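**Student:** Show me how the following folds:
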Amino acid sequence: MESTFDIFIKAIFSENMIFAYFLGMCSYLAVSKTVKTAVGLGAAVIFVLVVTVPVNYLLENYMLKEGALEWLDPSLAEIDLSFLSFIMFIAVVASIVQLVEMLVEKFAPALYGALGIFLPLIAVNCSILGGALFMQDRQYSTILDATAFSLGSGIGWFIAIVAIAAIREKIRYSHVPAPLRGLGITFIITGLMGIAFMSFMGIKYGSEKPADEAPKSTSIEAPINNGMAQTTNTNTYKSL
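**Tutor:** I've put the predicted structure just below:
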């Protein structure tokens, strides 16, 4: 079983929302023209993911899936409300996004104006709903694991959008062929960054050995003499 730390690291790198699953690409491409707006939107996405995924985890495990209502009354154990998952998940996301929008408008009006329509559109950002659906599909055992996944996914999305924004600011002063300027070169750079992030898939997560792993034998089998195998313990060897 994966540890909480493994889930967190994988969500940032080898299972990055942008480079592994291409979720949230619309906001990623539209708001990554400057680092300032990219940082603001990335922080908002982290906040929304960290709040919505644990809340949806509680809804899934204590209200929606079959037998989840047993804690209220044993007679409700047969009730299955999983068909309401999409509606409930989207309602939670929309509520949190509305809260974020009001906070940004009050405390950072300049950022609110720079983000424009893309701030309320976090409610339909694929990465936000994708985080809730991944949580549901992977059946994390504790809310801590679900929270670690949401935080890692948010940080991964933040790294992706800030990195591409920094690169796009730099290439303004580079000679880019006219047909590739704008989204063309951005798609190419995104593909190259995705290939680079694929290298993190080679990381081996979890170093613990299975508890039922058989101990290695300390004996070696000697060559077959006269058709019979002889086993000699290594501790019985004596120097000649």
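**Student:** what helices or strands is the longest helix along the chain leaning on?
**Tutor:** Ranked by residue count under DSSP state H, the longest helix found in the chain is helix 143-170. Packing contacts for helix 143-170, counted by 3 or more Cβ pairs under 8 Å, 6 or more residues apart in numbering; DSSP states H and E, involve helix 4-12, helix 25-30, helix 35-59, helix 126-138, helix 183-198. From N, CA and C alone the C-beta is placed, and that goes for glycine too.
**Student:** just how off-centre is that helix within its chain?
**Tutor:** Offset of helix 143-170 from its chain centre (Cα atoms, centre = their mean, to the nearest Å): 9 Å.
**Student:** What are the buried residues along that helix?
**Tutor:** Residues of helix 143-170 classed as buried: 145-165, 167-168 (neighbour count, 16 or more other Cβ atoms under 10 Å).
**Student:** quick check: angle from that helix to helix 4-12?
**Tutor:** With axes from the mean of the first three to the mean of the last three Cα atoms, to 10 degrees defining the directions, helix 143-170 sits at 30 degrees from helix 4-12.
**Student:** angle of helix 143-170 against helix 183-198?
**Tutor:** Counting by the same axes, to 10 degrees, helix 143-170 lies at 140 degrees to helix 183-198.
**Student:** quick one, which of the helices and strands packed on helix 143-170 is nearest to Val176?
**Tutor:** helix 183-198 (5.3 Å; Cβ to Cβ).
**Student:** For the closest one, buried residues please.
**Tutor:** 185-186, 190, 193, 197.
**Student:** what's Val92 in contact with, if anything?
**Tutor:** 52, 55-56, 59, 132 (Cβ atoms under 8 Å, 6 or more residues apart in numbering).
**Student:** Now neighbour count, distance to Val100 and pLDDT too, for those residues, in a markdown table please.
**Tutor:** Shown next, in a markdown table, are those (neighbours: other Cβ atoms under 10 Å; distance: Cβ to Cβ, whole Å; pLDDT from 0 to 100):
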| residue | neighbour count | distance to Val100 | pLDDT |
| --- | --- | --- | --- |
| Thr52 | 24 | 10 | 95 |
| Val55 | 20 | 14 | 95 |
| Asn56 | 26 | 16 | 95 |
| Leu59 | 21 | 19 | 93 |
| Ala132 | 26 | 16 | 94 |
